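Asks: sequence? don't have it. structure:
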DNA sequence: CTTAACTTACTGACTCGTGAGTAACCTAAT
DNA sequence: ATTAGGTTACTCACGAGTCAGTAAGTTAAG
C-alpha cells in the first residue's frame, strides 16, 4: 500500500491539471454553495468545467472528499488576498473582521455558500461537521486572544472573553443569513460593524470595571 | 366542480385524524431538522408514525407543503407555552429572548432543526425561503419596537435600531449553530445573554448620547 | 335500525427521475 | 510503454408522486 517509492519524486501533476482542479473546486463551491451539499450534484459541477461527473470523481475520489477540498480551498483563497500571510492580532483583528463584512456585502455568492454550508454541517452525519467544528474552535481562540490583547492589563473574566468571541462570530454568521434572505432590508456591512464594535466595547468595559 | 353544498357543513376532520396529523408534523420536524429538507425523506417521517409515505402525502399533498406546515406548527407550539398568547414588548421582550435561549439549551433537537432549516432556506429555490424572509422581517420589527420602547424619549437613530434588531436575532442564531457543532465549548444560554444585553445596552447608550 | 351512498385514511405497487460510484476503454503526453 | 485525464456506459439505490383498491367510518333515506 504505502509503497511511496523514494526513487520516484512525488510526481506533481501538470500545470494544466492543477488549473483544472482549481476550476472544479470553484465550480463545486458555487454549486454546493447555492444548492447545498446534498442537492448539489457532481454532474452540475462537471458541466461548469466541461467534463462529465466521472471526470470529477477521477480527480477527487468521492463527493465527500470534494466538499472537504472545497472548504480548505475556499479558506486558502480567502486568506490569500491579505497582503501578509496571516490574519492580524489585537485591535487589527476586529478591523479586519469589519472589513471582511464590508467586502462580503459585494460577493453574495461567497456569503450564500458559507451560510448554506455551515447550516448544512449541523445535520446528522454531515461529512464536514468536524471541519466546521474545528474551524469555529480556532476562530474563537483567535478572537479571544485578540480581545485579551486589546484589554491589556485589565482583562475581563474568561467567561466574558469566551462569550464575546463566540458572539462576534455568531453575529457575523447570523447577519449573513438574514442578508441572504432579504438583502434590501439588512445592511450587512453596517450591522456587522455595529455589532462587532458593540460587543467588543462591552467586553473591554467589563474588564475595566473589575476590581 | 365547485359544488360546495351549502347544506353540508365544512366537515372538520375527526379527533383521531387531528392527532395523527400532529404526530406527522412532529416526526417531520424531527426528520427535516436533523437531516435537512432534501435529505429528510417522507418514508422516514412516515415510519415514525407507522404509516407509509403515501399516507403522509394523503394528508399534506406534497413534501413542500409538509415543510411549510411544519414551520407554522413549530411556531405555534413555541408561542403556545407562553401564558399570555402574545410575546411581550418593551424590556420584557429581551428578557424573554434570554429566557428562550436558556430554554433552548435544554432542547437540542429544536435548536438543530432551526439551525438546519434556516441555513437550508437560503439555497436557491428553497420552498421555505419566503417563509423565513417574512419571519425574520417580523421579528426584526418586533425587536425594533421593543428597543424604541426601552429607550423612551431618547431614541437612537433608525440605523442603530435596525442594526441592533438584526444583530440580536443574528447572534442568537449564530450561537445556536456553534453550539450544535460544539456544545462543550459554547455556553448557549450564557453567551446569548451576554450578547443580547450587550447589544441592547450599546444601542440604548447610543440614544442617550445623542444631542 | 338498517341499508345504500359516499368519504376518509390509508396501503402497495408502480413510474419516473436523479445521482453516486464503477469499470472498461480511449487518447495524448512524458 | 506507461500513466494521467478523461469518456461512455453502466449499476444500484433512493425518493417523490400517482393510482387503484380497500377497510373503516359517516350521513341520509326508507
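Replies: Good, I have the coordinates. This structure is a prediction, so every number in the text was calculated from the model and none was measured. Numbers count the residues shown, from 1 in each chain, chains lettered A, B, ... in the order given.
Asks: so what's the most centrally placed residue in chain A up against?
Replies: The centre of chain A sits closest to residue A:75, judged by Cα atoms, centre = their mean, with a distance of 5.6 Å. Counting by Cβ atoms under 8 Å, 6 or more residues apart in numbering or on different chains, residue A:75 touches residue A:135. C-beta coordinates here come from the backbone N, C-alpha and C atoms, glycine included.
Asks: Is it in a helix, a strand, or coil?
Replies: helix (DSSP: H, G, I helix; E, B strand; the rest coil).
Asks: State the distance from it to residue A:64.
Replies: 17 Å (Cβ to Cβ, to the nearest Å).
Asks: for residue A:50, same thing?
Replies: Residue A:50 is 23 Å from residue A:64, by Cβ to Cβ.
Asks: Of the two, which one has the most company?
Replies: residue A:64 (13 against 10; other Cβ atoms under 10 Å in any protein chain shown).
Asks: so which helix or strand takes in the more buried one?
Replies: helix A:63-80 (DSSP states H and E).
Asks: does that helix come close to DNA strand C?
Replies: Yes: judged by Cβ under 7 Å from any atom of the strand, helix A:63-80 comes into contact with DNA strand C at A:63-64.
Asks: Can you list the buried residues in that helix?
Replies: A:63, A:66-71, A:73-74 (16 or more other Cβ atoms under 10 Å in any protein chain shown).
Asks: Just put those in TSV and tack on distance to chain B and pLDDT.
Replies: Converted to TSV, the buried residues of helix A:63-80 look like this (distance: Cβ to the nearest Cβ, whole Å; pLDDT from 0 to 100):
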residue	distance to chain B	pLDDT
A:63	13	97
A:66	17	97
A:67	14	97
A:68	16	95
A:69	20	96
A:70	16	96
A:71	14	96
A:73	20	95
A:74	16	93
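Asks: Would you format those as TSV with distance to residue B:209 included?
Replies: Conversion of the buried residues of helix A:63-80 to TSV gives the following (distance: Cβ to Cβ, whole Å):
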residue	distance to residue B:209
A:63	54
A:66	52
A:67	48
A:68	48
A:69	49
A:70	46
A:71	43
A:73	45
A:74	40
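Asks: so what's the backbone phi/psi at residue A:150?
Replies: Note on residue A:150: backbone dihedrals following degrees, to the nearest 10 are phi -60, psi -40.
Asks: That one contacts residue A:207, correct?
Replies: No: contact criterion Cβ atoms under 8 Å: residue A:150 and residue A:207 do not qualify, at 9.1 Å.
Asks: Hmm, residue A:193 is touching residue A:98, no?
Replies: Yes: Residue A:193 lies in contact with residue A:98 (Cβ under 8 Å); the separation is 4.7 Å.
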